[in-house]
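> Mind looking at a prediction? Sequence and model below.
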Amino acid sequence: MELNTKRVAVKSKLKLIYLPFLVMTISFIVIYSFLHWLLFIKTDTLSFKQSIVDFWLPFVLPWIPVLLWFRSRVNLLKLKTKNGDLPMLYFLVVALSMSIPTFIAQQFIETASGTLTKLENINQIAEHENTKYYTLKNYYIDKSNIGVFHSFDVSGKANQNFNMHLYVVMPILKSIQDTASASCSAWLAIKYNEQIKNRLKAEEKEQKYKSFVRNSQQDFNNKKVDQFIYMDREGNTNDCDGYKEAIKKNKKYATPDNAPIFIGVGHPFEKRNGNKLAWVFGAYGIANGIWLIMLLIPKLNTSAVRRFEKGTPSKHNEFKEFLDFVKPKEGFWVTPLLIYLNIFIFLIMAFVGLGFISFKGQDLLTWGANYRPLTTNGEWWRLLTSVFLHGGFIHLFSNMYALLFVGIFLEPLLGKIRYILVYVLTGIIASCASLWWHDATVSVGASGAIFGLYGLFIALLLTKVFPSHLGKAFLLSVLLFIGYNLLMGIMGGIDNAAHIGGLISGFIIGIILYPKLKKQVDYKHPLKNNSQ
């Protein structure tokens with residue numbers, strides 16, 4: 001009897017969860033790959049950064065069907081535990097089962113669908129339609145008249161890595177006689193990279209950078225750049241932006257704005273796909289195996305299965321509750337709107353092709369980052385605009401999470417007007433503190449304003465505006481949060497001056513507002529406060 005029950009349970013899991021998983025994941029991989037080929041490769045209808053199409057959309061989009069459709073099937077399993085949120089782990093595995101094979105598939109589609117154009121010389125390139133790959137029969141690479149562009153950015157948790165990039169471009173000519181001309185129609189590109197710790201002192205970074213340039217120069221001098229089998233046209237990537245800047249640095253040759261940039265490839269054209277297709281099936285097979293094992297371990301929630309088969313929705317909908325939680329409502333308008341505004345600005349910057357994980361310093365300056373030489377030169381609006389910019393996805397996510405947490409408690413107490421005034425005022429003061437402390441640092445982020453709110457929160461916790469049973473627990477968690485972030489700032493990559501400026505100004509504002517807020521709370525809850 002028990003064996004039959006287990007068999008029925010396994011069949012139910014396969015029917016209600018595993019088969020829909022297969023249909024959903026395969027459909028996503030196939031449909032996304034087809035749309036990528038149709039819109040970005042075949043017809044070139046849309047023009048997004050390649051990193052967005054290849055990685056970030058495959059990473060983000062699977063969460064839509066997972067949370068809106070498949071989550072009801074995952075909830076048929078008994079996953080709730082005291083030790084962790086197992087449903088979220090299951091959602092994550094399902095999303096990754098779609099994301100990783102899709103990510104690999106895009107690499108295969110781009111190489112497999114790219115056609116090869118054979119040219120006698122580079123001057124014939126305008127006579128043909130654009131393709132991804134080219135071969136040249138006659139050509140000369142002018143290695144003595146190059147363009148070079150240097151670029152820097154930060155990455156990793158708490159911006160712990162400092163990345164140095166060196167972009168080099170060389171004119172591709174028909175023959176050596178064309179060096180007498182002042183124009184070229186295409187460029188051959190090489191990129192050098194090196195990553196160091198961001199917490200190093202400025203002098204140490206300078207030494208590392210000089211060593212990086214020397215090693216790159218030596219490698220370039222020894223490299224036989226003209227020995228390639230075919231050329232790969234660089235797409236709409238961040239590297240392409242770097243190469244274009246390098247072209248501008250070339251002082252001899254004039255070139256069209258849309259001049260193609262190529263990477264020389266030394267292996268045969270037939271081997272361009274490598275093992276990408278095998279990796280697609282391999283990754284999907286591993287994901288299926290992991291999901292099947294995870295599916296067989298927990299028991300079924302029989303009551304949930306009966307409701308599901310009858311078409312009766314569950315009364316408990318976590319996703320709907322989350323949407324309601326971040327939706328503007330009475331007493332909680334400003335925090336969600338601030339979160340939406342920050343995310344909206346970030347998405348615009350991402351979709352115009354400036355990046356996703358991180359943005360370049362020059363792009364942040366263009367969009368309004370705080371930078372002492374510019375701000376003190378009359379562009380004082382940067383003190384405010386920098387508060388709504390973020391250096392990348394992780395920076396945005398951590399700040400918005402912190403804002404949501406503190407906003408839940410402070411906005412209903414302060415009211416809309418006082419809350420937004422405190423946010424803006426402490427944000428500007430934080431920007432001023434950064435301006436005073438740093439000579440030439442690009443500073444962005446809502447963290448200064450958020451630290452201002454946390455400083456105010458600490459003041460109200462210490463003055464017992466909030467109930468005593470909340471005070472101790474929240475005071476400890478807030479102090480740990482602040483201490484952790486300040487410690488990360490000491491290690492490098494974080495603007496501690498802005499954090500401290502916002503924190504102190506928020507604390508002072510909290511002390512000023514404390515008497516009025518205390519009377520406000522005592523008036524609304526006289527019995528509750530007298531019993532404390």
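Nice, I can see it. Residues are numbered from 1 along each chain as shown.
> use CA for all of it now, contacts and neighbours both
Fine.
> residue ranges with poor pLDDT in the stretch 151-300 of the chain?
Residues of the stretch 151-300 of the chain that meet the criterion pLDDT under 70 lie in 155-160.
> swap in the chain?
Scanning the chain for pLDDT under 70 picks out the ranges 1-4, 45-47, 80-85, 155-160, 312-326, 438-440, 467-495, 521-532.
> Domain-wise, how is it divided?
Domain assignment for the chain by automatic domain parsing gives 2-114+274-316, 131-259, 326-530.
> Could you single out the most deeply buried of the ones you listed?
Each of the domains of the chain was assessed for mean neighbour count using mean count of other CA atoms under 10 Å. The highest is domain 326-530, with a mean of 19.
> centre of the chain versus that one, how much separation?
What separates the centre of domain 326-530 from the centre of its chain is 20 Å, taken as CA atoms, centre = their mean, to the nearest Å.
> picking that back up, with distance to residue 266 added, can I get the domains of the chain in TSV?
Supplementary listing: those in TSV, determined by distance: least, CA to CA, whole Å:
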stretch	distance to residue 266
domain 2-114+274-316	13
domain 131-259	5
domain 326-530	29
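> Figure out which of the ones you listed is closest to residue 121.
domain 131-259 (5.1 Å; CA to CA).
> Sketch out the helices for the stretch 251-400 of the chain, chain order is fine.
In order along the chain, the stretch 251-400 of the chain carries the following helices (DSSP state H, counting those that start in this stretch): 276-296, 302-310, 318-325, 334-351, 361-367, 372-375, 382-385, 393-414.
> nearest to residue 57, of the ones you listed?
helix 334-351 (10.8 Å).
> From the rest of the structure, what touches that closest one?
48-49, 52, 326-328, 355-356, 388-390, 392, 396, 400, 403-404, 407-408, 411, 416, 419-420 (CA atoms under 8 Å, 6 or more residues apart in numbering).
> cutoff 7 Å now
Contacts to helix 334-351, defined as CA atoms under 7 Å, 6 or more residues apart in numbering, come from residues 48, 326-328, 356, 388-390, 400, 404, 407, 416, 420.
> closest to residue 291 among those residues?
Nearest to residue 291 among these is residue 356, at 29.2 Å by CA to CA.
> I figured residue 119 hits residue 133, correct?
No. Distance between residue 119 and residue 133: 10.6 Å, which falls outside the contact criterion (CA atoms under 7 Å).
> Which one of the helices of the stretch 251-400 of the chain lies nearest to residue 166?
Each of the helices of the stretch 251-400 of the chain was scored for nearness to residue 166 using CA to CA, and the closest is helix 361-367 (15.6 Å).
> that older thread, okay, and the common contacts of residue 119 and residue 133?
Residues touching both residue 119 and residue 133 (CA under 7 Å, 6+ apart): none.
> Please enumerate the strands of the chain.
116-119, 133-136, 140-141, 147-155, 161-173, 187-197, 230-233, 261-265 (DSSP state E).
> List the strands paired with the first one, with their directions.
Strand 116-119 has the following sheet partners, assigned by DSSP bridges: strand 133-136 (parallel).
> sorry, back to before: for the domains of the chain, which one sits closest to residue 267?
For the domains of the chain, distance to residue 267 was read as CA to CA. The smallest value, 6.6 Å, belongs to domain 131-259.
> correct me, but residue 426 touches residue 505?
Yes. Using CA under 7 Å, residue 426 and residue 505 qualify as a contacting pair, with a distance of 6.0 Å.
> Quick check: neighbours shared by these two?
Common contact partners of residue 426 and residue 505 (CA under 7 Å, 6+ apart): residue 452.
> returning to what we had before: so for residue 125, which of the domains of the chain sits nearest?
Distances from residue 125 to each of the domains of the chain were compared using CA to CA; the shortest belongs to domain 131-259, at 8.1 Å.
> Could you work out the end-to-end span of the closest one for me?
13 Å (CA to CA, to the nearest Å).
> same check, this time on stretch 171-181
By CA to CA, the extent of stretch 171-181 from end to end equals 11 Å.
> Which residues does it contact?
Applying CA under 7 Å, 6+ apart, the set of residues contacting stretch 171-181 is 121, 122, 123, 138, 139, 140, 141, 142, 184, 186, 187, 188.
> and if you look at stretch 111-128?
131-139, 172-174, 185, 272-273.
> at 10 Å what do you get?
Where contact means CA atoms under 10 Å, 6 or more residues apart in numbering, the residues beyond stretch 111-128 that reach it are 37, 41-42, 106, 108, 129-140, 172-175, 184-187, 230-233, 259-260, 269-274, 276-277.
> export stretch 143-163 as PDB, just CAs?
What follows is stretch 143-163, C-alpha atoms only, in PDB (Å, rounded to 0.1, in the frame of the first residue of the first chain):
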ATOM      1  CA  LYS A 143      51.600  48.800 -37.000                       C
ATOM      2  CA  SER A 144      53.500  52.000 -36.800                       C
ATOM      3  CA  ASN A 145      50.400  54.300 -36.800                       C
ATOM      4  CA  ILE A 146      48.200  52.900 -34.100                       C
ATOM      5  CA  GLY A 147      45.500  54.400 -31.900                       C
ATOM      6  CA  VAL A 148      45.500  53.600 -28.100                       C
ATOM      7  CA  PHE A 149      42.900  54.200 -25.500                       C
ATOM      8  CA  HIS A 150      43.100  53.500 -21.800                       C
ATOM      9  CA  SER A 151      40.100  52.700 -19.700                       C
ATOM     10  CA  PHE A 152      39.400  51.800 -16.000                       C
ATOM     11  CA  ASP A 153      36.500  50.400 -14.100                       C
ATOM     12  CA  VAL A 154      35.700  48.600 -10.900                       C
ATOM     13  CA  SER A 155      33.900  45.200 -10.300                       C
ATOM     14  CA  GLY A 156      33.200  42.600  -7.700                       C
ATOM     15  CA  LYS A 157      31.500  42.700  -4.400                       C
ATOM     16  CA  ALA A 158      31.900  46.200  -2.800                       C
ATOM     17  CA  ASN A 159      33.900  47.200  -5.900                       C
ATOM     18  CA  GLN A 160      36.900  45.300  -4.700                       C
ATOM     19  CA  ASN A 161      38.500  44.900  -8.100                       C
ATOM     20  CA  PHE A 162      40.200  47.600 -10.100                       C
ATOM     21  CA  ASN A 163      40.300  46.700 -13.900                       C
END
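> residue ranges of the helices in the stretch 1-150 of the chain, please?
Under DSSP H, counting those that start in this stretch, the stretch 1-150 of the chain gives helices at 2-13, 19-36, 50-51, 57-60, 63-65, 71-74, 86-113.
> So for residue 252, which of those sits nearest?
Comparing the helices of the stretch 1-150 of the chain against residue 252 with CA to CA, the closest turns out to be helix 50-51 (30.4 Å).
> what's the offset of that closest one from the middle of its chain?
How far helix 50-51 lies from its chain's middle: 12 Å, per CA atoms, centre = their mean.
> which residues are in contact with that helix?
Helix 50-51 has contacts (CA under 10 Å, 6+ apart) with 40, 56, 57, 235, 236, 237, 238, 353, 355, 356, 357.
> Mind doing that once more with 6 Å?
With CA atoms under 6 Å, 6 or more residues apart in numbering as the test, helix 50-51 has contacts from 236, 237.
> Equivalent analysis for stretch 146-155, please.
Residues beyond stretch 146-155 that count as contacts (CA under 6 Å, 6+ apart) turn out to be 161-170, 246-247, 249-250.
> Closest to residue 204 out of those residues?
When the contacts of stretch 146-155 are ranked by distance to residue 204 (CA to CA), residue 162 comes first, at 11.9 Å.
> what bridges to the closest one?
Beta-bridge partners recorded for residue 162 (DSSP bridges): residue 154, residue 196.
> Would you check how far apart it and residue 149 are?
Using CA to CA, residue 162 is found at 17 Å from residue 149.
> can you check residue 16 too?
As judged by CA to CA, residue 16 and residue 149 stand 56 Å apart.
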